[in-house]
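In: pasting the sequence and the predicted coordinates here, then a few questions.
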Amino acid sequence: MSRWEELTGGTSGQDYAARFTALAGSGKDVHGEARLCAALVPAGARVLDAGCGTGRVMIRLAELGYDCVGVDRDASMLAVAQQEAPGLPWFHADLAGFDPGPLGIAAEFDLVVAAGNVFPLLASGTEATVLKRLASVLRPGGLIVAGFGLDEAHLPVPPSITLREYDHCCTAAGLSFVDRFATWDADPYDGGGYAVSVHRR
């Protein structure tokens, strides 16, 4: 069981979506992740939203002209995504065992995005496996961008992976470091409790 399932019971899709709807309604910008993705790869690029949740990031990227696929293991989150954008490809799958072939997904992506604290919320001990799976679906030169909290102030669960450990897992998966930011708005990373990391295959 993932830390996310331990936290939510796999039933929080509607509540999660409502929270971001309220944030957007209050005037808060909720599209920083999609903007950074759009700065990394041109419109038309193939994007895998790994841990897509309710689809907020992927739906925005599709609106911007990206060829997107969303994968998540939380059926309650995917149900919201499918309701919001029934024409987009959403898949119920565990990232630790993600294999695009049997799902009918062409394997080579230009970008993998893992937003929403995906890595700290994985099942314990699967982080390296997930990175290998995600790296394997990138085309040569493709990018993975992942943003997650590093301390209790930025996470709903106790911290589980450091940046050093994450970078080590990336190296083991054949990925090289490109850049790191403190936010999805690409503010310089200052050693704080949240980081957005970019690696290349």
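Out: That came through fine. Residues are numbered from 1 along each chain as shown.
In: residue 137 is in contact with residue 109, isn't it?
Out: Yes: assessed by Cβ atoms under 8 Å, residue 137 is found in contact with residue 109 at 5.4 Å. Backbone N, C-alpha and C define where each C-beta goes, glycine included.
In: looking at those two, which is more packed in?
Out: A count of neighbours by other Cβ atoms under 10 Å puts residue 109 above the other of residue 137 and residue 109, at 27 against 24.
In: tell me what that one is bridged to.
Out: Taking DSSP bridges as the rule, residue 109 bridges to residue 138.
In: which neighbours do residue 137 and residue 109 share?
Out: Overlap of the contact sets of residue 137 and residue 109 (by Cβ atoms under 8 Å, 6 or more residues apart in numbering) consists of residue 48.
In: residue 34 contacts residue 60, correct?
Out: Yes: counting by Cβ under 8 Å, residue 34 touches residue 60, with 3.9 Å between them.
In: quick one: which of the two has more around it?
Out: residue 34 (24 against 18).
In: so where does that one fall, helix or strand?
Out: Using DSSP states H and E, the element containing residue 34 is helix 32-40.
In: residues in contact with that helix: which ones?
Out: Counting by Cβ under 8 Å, 6+ apart, 47, 57, 60-61, 64, 66, 111, 113, 115, 143, 145, 147, 181, 183-186, 196, 198 sit against helix 32-40.
In: and if we set it to 7 Å?
Out: Residues outside helix 32-40 that contact it (Cβ atoms under 7 Å, 6 or more residues apart in numbering): 47, 57, 60-61, 64, 111, 113, 115, 143, 145, 183-186, 196, 198.
In: many thanks, have a good one.
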